[in-house]
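Engineer: My questions concern the predicted model and sequence given below.
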Amino acid sequence: MSDITELQRAIGQVKQCVGELRAKYGDVPAVRRLVNDVERLDIDTADFRSEPDTPQPRRPQVSEQDVVVVPDTPYDREMWRGADDEYVRHDD
């Protein structure tokens, strides 16, 4: 099932729930807003399907600045000195 098909199915379920709310509470402002929101989702989903060039999923862009090289060599033991004692003050 495609993402868009799944979205349309979910919108259909929301439409049904909003219809039940309308039947129970009538045409109150909150229900009208929900109806409007669901209609907007439906329109936007249809617009997405009708795009001439369906957008491709985005891939995270990784630059050389984002890459952190972690060396295989052992760390300097002094770097970790006191790491387990974060609330203990050392007067060394």
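Structural biologist: Nice, I can see it. Source: prediction; values computed, not measured.

Engineer: so where do the strands sit in the protein?
Structural biologist: Secondary structure of the chain (DSSP state E): no strands present.

Engineer: Roughly how far does the residue most central in space within it sit from residue 13?
Structural biologist: The chain has residue 58 as the residue nearest its centroid, 13.1 Å off, counting by C-alpha atoms, centre = their mean. The gap separating residue 58 from residue 13 is 27 Å, by C-beta to C-beta, to the nearest Å. Backbone N, C-alpha and C define where each C-beta goes, glycine included.

Engineer: swap in residue 30?
Structural biologist: 19 Å.

Engineer: Same question for residue 57.
Structural biologist: 24 Å.

Engineer: repeat for residue 63
Structural biologist: Residue 63 sits 41 Å away from residue 13, taking C-beta to C-beta as the criterion.

Engineer: more neighbours, those two?
Structural biologist: residue 13 (10 against 6; other C-beta atoms under 10 Å).

Engineer: May I see the buried residues of the helix or strand bottoming out on mean pLDDT in the chain?
Structural biologist: Lowest on mean pLDDT, DSSP states H and E among the helices and strands of the chain sits helix 29-50, with a mean of 91. Applying a neighbour-count criterion of 16 or more other C-beta atoms under 10 Å, one finds 31, 34, 35, 38, 41, 42, 45 buried in helix 29-50.

Engineer: now the residues you listed as CSV including distance to residue 2?
Structural biologist: CSV is the format used below for those (distance: C-beta to C-beta, whole Å):
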residue, distance to residue 2
31, 31
34, 26
35, 26
38, 20
41, 16
42, 16
45, 11
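
Engineer: Nice, that's everything, thank you.
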